[in-house]
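Asks: Turn this into a structure:
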Amino acid sequence: MSNPTRNTNGIKDQAVTKPESLNATTGEVLVKKSTGKSRVRKGQTEEQYQTQLYEYFELEEGPIRTEVDWMNNIKEPDDILSWEKFDLEVKHARLVLNGVCYRLYFQRRYKECLEFGTKLLDLYKPYNENHKNKLKKEIDELEYMQKQCLSKDFSSINLQK
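Replies: Numbers count the residues shown, from 1 in each chain. The predicted model follows:
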């Protein structure tokens with residue numbers, strides 16, 4: 001007895017299967033996963049779709065193109081905090097801010113890393129209290145990095161400003 005999702009040589013069938021519409025009013029469709037199992041995908045109304053398009057293209061301004069060495073072009077770490085696009089709700093924005101702090105640490109600019117990390121913690125902690133420890137991991141990482149910065153010998157710090 002042959003398995004319909006496998007070819008005769010035992011390799012999975014990679015053929016693309018089109019979704020079958022179940023309910024045109026709700027937009028639910030039946031799709032087959034690569035394992036061969038069927039799954040019902042939740043639909044989306046036209047209003048929800050238009051809202052999603054508006055948020056993506058108008059509010060978020062579509063996909064963001066990042067230049068290759070953009071972090072190297074930051075003269076002062078505090079400049080990045082003044083950018084309007086950083087919303088703490090968005091995880092990617094928080095990771096970019098943390099990335100600047102990591103970069104300062106690995107460039108051995110410990111004093112700047114410590115100062116910038118303190119500013120980030122001041123931003124994160126009140127937000128975290130209102131959102132049930134959503135930023136716990138980011139806060140723990142920043143606190144650990146601050147401890148590492150404090151443990152470094154400040155006499156060997158290269159202060160470039």
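Asks: Could you say which helix or strand holds the residue positioned nearest the centre of the chain?
Replies: Nearest to the mean C-alpha position of the chain, counting by Cα atoms, centre = their mean, stands His92 at 3.2 Å. Per DSSP states H and E, His92 falls inside helix 91-106.
Asks: same for that helix, what does it pack against?
Replies: helix 77-81, helix 110-130, helix 136-151 (3 or more Cβ pairs under 8 Å, 6 or more residues apart in numbering; DSSP states H and E). In this view, the C-beta of every residue, glycine as well, is placed from N, C-alpha and C.
Asks: Most tightly packed of those helices?
Replies: Using mean count of other Cβ atoms under 10 Å, the stretch among those with the largest mean neighbour count is helix 110-130, at a mean of 17.
Asks: hey, C-alpha coordinates of that helix in CSV?
Replies: Extracted in CSV, the C-alpha atoms of helix 110-130 (Å, rounded to 0.1, in the frame of the first residue of the first chain):
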residue,chain,number,x,y,z
TYR,A,110,32.7,50.1,28.3
LYS,A,111,31.9,53.5,29.7
GLU,A,112,29.6,54.4,26.8
CYS,A,113,28.1,50.9,27.0
LEU,A,114,27.4,51.4,30.7
GLU,A,115,25.8,54.8,30.1
PHE,A,116,23.7,53.7,27.2
GLY,A,117,22.6,50.5,29.0
THR,A,118,21.5,52.6,32.0
LYS,A,119,19.4,54.8,29.7
LEU,A,120,17.8,51.7,28.1
LEU,A,121,17.0,50.2,31.5
ASP,A,122,15.4,53.5,32.5
LEU,A,123,13.2,53.1,29.4
TYR,A,124,12.5,49.4,29.7
LYS,A,125,11.7,49.1,33.4
PRO,A,126,8.6,51.3,33.6
TYR,A,127,7.3,49.7,30.4
ASN,A,128,8.0,46.2,31.7
GLU,A,129,6.0,46.9,34.9
ASN,A,130,2.9,47.8,32.9
